[in-house]
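K.L.:
Turn this into a structure:
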Amino acid sequence: MKQVIYILMISSLLVIMTGCVKKALSTDEFQAKMEELGYVVNTTNGSGEQSSEVEEMAVASKGNYEIKFYVLSNSGSAIDFSETIKKEWETNNTNFTEIRRNDNTLIVINVNPEYEDEVKKDVKSLGY
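P.N.:
Numbering: from 1, shown residues only. Below you'll find the model as predicted:
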């Protein structure tokens, strides 16, 4: 039993030391990285969104599509908000849709399937 605990502790330390645990982006970091990729980014304080837990929001637009970035008050709120969005997509949505979460931040993708590969590549470069 002790060996299992030691192995788990060492594995956890290796993950932390190698940087596999990714830090959530701030709105400013999201904006800077997306602008480097050629997007036009607009930010707001999140008022008027479906959840009062949205603290900040950014919309990155490029051509005929956009990627939304949300900062929520905590990770639980981020999970709840993502579930609300998924329920909205359940009916009559033929787009490529995906939500990626890191702690209390969400990246929300709802684009025409022809942009799927480009969007996935751009979001991956953000570390999500």
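K.L.:
wait, doesn't residue 74 sit right on residue 81?
P.N.:
No - in this structure, residue 74 is not within contact of residue 81 by Cβ atoms under 8 Å, at 10.7 Å. Quick note: C-beta positions are derived from backbone N, CA and C, even for glycine.
K.L.:
Between those two, which is the more surrounded one?
P.N.:
Counted by other Cβ atoms under 10 Å, residue 74 and residue 81 do not tie: residue 81 has more neighbours, with 23 against 12.
K.L.:
tell me the centre residue of the chain?
P.N.:
Residue closest to the average C-alpha location in the chain (Cα atoms, centre = their mean): residue 107, at 2.7 Å.
K.L.:
Which phi and psi values does residue 32 adopt?
P.N.:
Dihedral angles of residue 32 (phi, psi; degrees, to the nearest 10) stand at phi -60, psi -50.
K.L.:
Please disregard the earlier target; I meant residue 91.
P.N.:
The phi/psi pair for residue 91 (degrees, to the nearest 10) reads phi -110, psi 130.
K.L.:
Show me what counts as buried in the strand or helix carrying residue 88.
P.N.:
Residue 88 belongs to helix 75-89 when assigned by DSSP states H and E. Within helix 75-89, the residues that count as buried by 16 or more other Cβ atoms under 10 Å are 77, 78, 81, 82, 85.
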